[in-house]
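Participant: Structure for this input, please:
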Amino acid sequence: PRWLEGANPSVLATVGVGDLVLLDPLSEESLLSNLRERFLHKEIYTYIGNVVISVNPYRQLPIYSAEMVEQYCNGNFYAMKPHIYAIAEDAYSSLRDRNRDQCILITGESGAGKTEASKLVMSYVAAVCSKGADVTKVKEQLLQSNPVLEAFGNAKTIRNNNSSRFGKYMDVEFDFKGEPLGGLISNYLLEKSRVVWHVKNERNFHIFYQLLAGASDPLLKRLKLQRDCRHHGYLGDENPRLPGMDDLLDAMRIIGFSEAEVMQLLEVTAVVLKLGDLQLSGQFQASGMDACVLRDICELIGLQESILEQALCSRTVEAKQEKVVTALSVAQGYFGRDALAKNIYSRLFDWLVTRINESIQVTAGERRKVMGVLDIYGFEIFQDNSFEQFIINYCNEKLQQIFILMTLKEEQEEYFREGIKWTPVTFFDNSIICDLIESGKGGILVLLDEECLRPGTVSAATFLAKLDQAFGSHEHYESRKSQSDRHITDTSLPSTCFRVHHYAGKVTYNATGFIEKNTDRLYRGLAQAMWQAKHTLLRSLFPDGDPKKASLKMPPTAGFQFKASINTLMKNLYSKNPNYIRCIKPNENQAPGQFTDELVRSQVRYLGLLENVRVRRAGYAYRQPYQPCLERYRLLSTHTWPRWTGTARDGVQALLSDLDIPPEELAYGHTKVFIRTPQTLFNLEERRRRRVEELATVIQKTYRGWRCRTQYQLMRKSQILISAWFRGHAQKKRYQHMKRAALLIQTYARGWKVRRALVRGGALPLLPPVLHSPFSLSPKLQKFFLGLKNNLPPLTVSDRSWPPAPYRFLTNANQELKTIFYHWKCKKYRDQLSLEKRAAMQTKLCASELFKGKKTRYGPSVPEPFQGDYVGLQKNPKYQKLQAAARGKLVLADTVRKVNQANGKVSAWRPCRLHTPIPELPGVLAVPAQDADGTWCLLPQQTGTGGAKGDVLLVSDHVIEVVTRVHQVLLETTQQATTIHPRRFSTQFKKSSIAVTVVQGPKGHLEPVCKKKGKKMEVLVC
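Facilitator: Next up, the predicted model:
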């Protein structure tokens, strides 16, 4: 039809039928077949209107990614495939946008996936919230509370590897923007009996196995524990492989637990385990016990062994201010031990919840929006059902009652209130079962409390007799006596049991143990012993052990406390808008891809899914008050947009009549409009989305036009202002320029007139025409400087070229500019040199001052760099002593030859001493090497002495560098210059003076030749 055009086909483009309201034909078989088909195609979610049915796949599916969260965020509930994210988004958007408190009720059998569903809801809400630092911290704390509570409150059962053995209800509080502020957790009925006993193939709570598997050896030693689970009595013979404690400790750190609190928590957990290892001895009385285990427990909690032993082996009874101490039998001792272990663990779990609430709870202030998530144990039917199953199933009866009252019954009543005609649907109302259990005038729980408080001997038989007397004729109660009265023979019902017809089926309960578990009695002596312990946490768990607060009044029973908690929970849930997730277990083996028809059929029946579908089919899928409906959809009609002046009902009727929707799809009540199918609602949402886009385009267009006009007007005003200021500034500059030009012209004109008068009068000689006026010089000067700028010589320091002056009167100026430029060029070159190159340049400059124009060999030595070390002093190992003598003061290291004083022959120099001062050069020390012929070093020395054997005449291949280095060292140490004798000089050989003459030898001589004749020596050099 035309009114469904444009609808998103993704709702129908799925396996089977995504919404069971659209299932045709409707029957139990067709419903079951649809669930099976979708499950086998990995479509585990199905709708019944706004109720989500979740079938546990028992495997990971790729449908919880960040892209999937983005897809469902701000989406319409019916716009996409059924998913748990859809109901989470619907609840969150209703809370954020419509300011309605929400609660999400997750129900189903044990192992149906309730815990995982609650975690998925919380993770989705955390993902779609904003990403501020404070918000992220709150989200992390809320999410990390799950693994902590699962470790201490979950256990493996026959039906579920991670079964919640407690009920949890979390209220998450949001501010007006929808950002989480904190939360509050409530826990219900921890199955503490699991601490001391569990059936075969089940396990104790996860924390015990995680502690033994993940704790380090020093920590286990400190806690007095052994890693093998089989050494601890409460854990049985199984030794499972569970993950360690790293994730748990990280979660506790994120929540805000200190290291001291974590350690105390683990110590109390270890005490519970050690109590299971405590063995009592004695034939009739608990007169002795395992001393080692007792010592370990007392060391952990800081208590004297005698106090704990007395509390476990005896009982003190107070009557009329008299105390009577009675020794306990072995059985009574074990009962007291187990009762103490259960109480410690139960109170520890309550403390853990309270401590988490301290971290995540929001301080009192303005009213906040609240979303509650309920994850509580599912309906349980075991082979042997006791008090725990009775309480758990009672809780599920109350949740079913909420579902009935707030969906099925409320559905019909709302139609009657609104005046909508429809065909009523019959459904089973379980109020009669709830009254049977909790009625204050005589329900099973009330009779159980009376039996527990009755003086005299009480037992399961007396309790069962009282039940038979009160409910023998009740249609939902059975026992062996009531069957006999009705002339029914049923051997499957033992004489110690009674049967209740729950909404989920008949459950047989064993009355044995009801009295003891409901009383939940802990000997006062044990509580007082725990209060005397020095362990801070354990002591705080037993305030009733304080003798000053001791009371003879009987504490409330477990049934009474649970009933009060459930009533408080129901009141809380009734105050919020409910959202339902009905979890179904497909098989008993926890196997993926396996669908057991009979098991699923029984769950479909007791969950009332078929009745729910019939109610939705008989009625309308969506309803909304007129005013919100008009406000949301009035933009779809020209009659109601942009303003409607009539009543809200008339506006909705006018609006929907314009949209050409078939009349059978709509119904108008007294205060609400009703829409039959989800497709019609989605069609409205799709039209609204398109209309919002159109209006958004109009708003954007109008805004952009206004912004461009405003920007243009601002730019126009700015341009006019800038133009005015610019024109004013330009006229001022033009005026100043004209004024300066006029003054200059006047000045030259007056000067010209005066000079002309003086010339005519003969006072001044006739000047060259070129100097008569600066007007003739300015172009020449400008040409000169511009030409010089464009023809500067290169920056090479060896280049002394310079362009000539174009005019004679500029010759001196040109020469000065050349000198300035060359000095500047040299400075630029020097600034670029490193420290080593500067020192080498300084040495070369010193050599130039000493030898330039005085020695023939100076010219060829200029391009040769001075190396200083010609022998590899630092690299050659045979110069170690010489290098040690230098000690970082090396000036020159070279191989030289010595002139013989007797005959003038040149030979290798072999001095007998390591340090040889140079004669007549105080402050200069020659350090020759003993292991290498002629190798010596030149070092500075603060003081020097003359040689005793006379002067030494040395021959070197690097005489220019040697003399330059000696000259520099002498200047540094004595501030005296070296005297250079280019041709003749005298030297002292021992006691005689020798005159030395330097003569230019023939070409081809590579080395100097010395010829001595008497007291004269002639040196031939090349």
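Participant: When you work out contacts or count neighbours from here on, use the C-alpha atoms and nothing else.
Facilitator: Will do.
Participant: Where do the helices of the stretch 851-1000 of the chain begin and end?
Facilitator: Listed in chain order, the helices of the stretch 851-1000 of the chain (DSSP state H, counting those that start in this stretch) span 858-861, 880-886, 959-974.
Participant: can you redo these as a markdown table with mean pLDDT?
Facilitator: Below are the helices of the stretch 851-1000 of the chain laid out as a markdown table (pLDDT from 0 to 100):
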| stretch | mean pLDDT |
| --- | --- |
| helix 858-861 | 80 |
| helix 880-886 | 69 |
| helix 959-974 | 82 |
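Participant: Point out the most buried one among these.
Facilitator: Most buried of the helices of the stretch 851-1000 of the chain, by mean neighbour count (mean count of other Cα atoms under 10 Å): helix 959-974, with a mean of 19.
Participant: May I have it as CSV, with CA atoms only?
Facilitator: C-alpha atoms of helix 959-974 as CSV (Å, rounded to 0.1, in the frame of the first residue of the first chain):
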residue,chain,number,x,y,z
VAL,A,959,112.3,23.1,9.7
ILE,A,960,109.7,25.8,9.0
GLU,A,961,107.2,24.2,11.3
VAL,A,962,109.8,23.3,13.9
VAL,A,963,111.1,26.9,14.2
THR,A,964,107.5,28.3,14.2
ARG,A,965,106.4,26.0,16.9
VAL,A,966,109.5,26.8,19.0
HIS,A,967,108.9,30.5,18.5
GLN,A,968,105.2,30.2,19.7
VAL,A,969,106.1,28.1,22.7
LEU,A,970,108.8,30.6,23.7
LEU,A,971,106.4,33.5,23.4
GLU,A,972,103.9,31.7,25.6
THR,A,973,106.3,30.7,28.3
THR,A,974,108.9,33.6,28.4
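Participant: Outline the domain layout of this structure.
Facilitator: The record assigns the chain these domain ranges, following the TED database: 622-741, 792-832, 839-1020.
Participant: any idea how far residue 592 is from residue 64?
Facilitator: Going from residue 64 to residue 592 by Cα to Cα, to the nearest Å gives 18 Å.
Participant: go on, residue 555?
Facilitator: For residue 555, the distance to residue 592 equals 47 Å [Cα to Cα].
Participant: now residue 71
Facilitator: Using Cα to Cα, we find residue 71 at a distance of 27 Å from residue 592.
Participant: To what extent is residue 468 buried, counted in neighbours?
Facilitator: If you count neighbours by other Cα atoms under 10 Å, residue 468 ends up with 19.
Participant: what sits against it?
Facilitator: Going by Cα atoms under 8 Å, 6 or more residues apart in numbering, residue 468 touches 479, 481-482.
Participant: That one belongs to a helix, doesn't it?
Facilitator: Yes: under DSSP: H, G, I helix; E, B strand; the rest coil, residue 468 falls within a helix.
Participant: and it, what pLDDT?
Facilitator: Listed pLDDT for residue 468 reads 92.
Participant: any idea how far residue 505 is from it?
Facilitator: 20 Å.
Participant: likewise residue 273?
Facilitator: Per Cα to Cα, residue 273 is found 37 Å from residue 505.
Participant: neighbour-wise, which of the two wins?
Facilitator: Between residue 273 and residue 505, residue 273 has the larger neighbour count (other Cα under 10 Å), namely 23 against 13.
Participant: Wait, that one touches residue 234, no?
Facilitator: Yes: taking Cα atoms under 8 Å as the definition, residue 273 is a contact partner of residue 234 at 6.6 Å.
Participant: and of the helices of the stretch 851-1000 of the chain, who's closest to residue 204?
Facilitator: For those, distance to residue 204 was read as Cα to Cα. The smallest value, 79.5 Å, belongs to helix 880-886.
Participant: Look at residue 71 and residue 592 and report which has more neighbours.
Facilitator: residue 592 (16 against 13).
Participant: residues touching the nearest residue to that one once chain neighbours are set aside, list them.
Facilitator: Of all residues not flanking residue 592 in the chain, residue 58 sits nearest, at 5.0 Å (Cα to Cα, 6 or more residues apart in numbering). Neighbouring residues of residue 58 by Cα under 8 Å, 6+ apart: 590-592.
Participant: from those, which single one is nearest residue 187?
Facilitator: residue 590 (26.7 Å).
Participant: quick one: that closest one is in a helix?
Facilitator: No: the assignment for residue 590, made by three-state DSSP, is coil rather than a helix.
Participant: you'd agree it is up against residue 159?
Facilitator: Yes: if you go by Cα under 8 Å, residue 590 and residue 159 touch, sitting 7.5 Å apart.
Participant: can you tell me which residues contact the nearest residue to residue 28 once chain neighbours are set aside?
Facilitator: Using Cα to Cα, 6+ apart and skipping residues adjacent in sequence, the residue nearest residue 28 is residue 610, 6.8 Å away. By Cα under 8 Å, 6+ apart, residue 610 lies in contact with 27-28, 31, 604.
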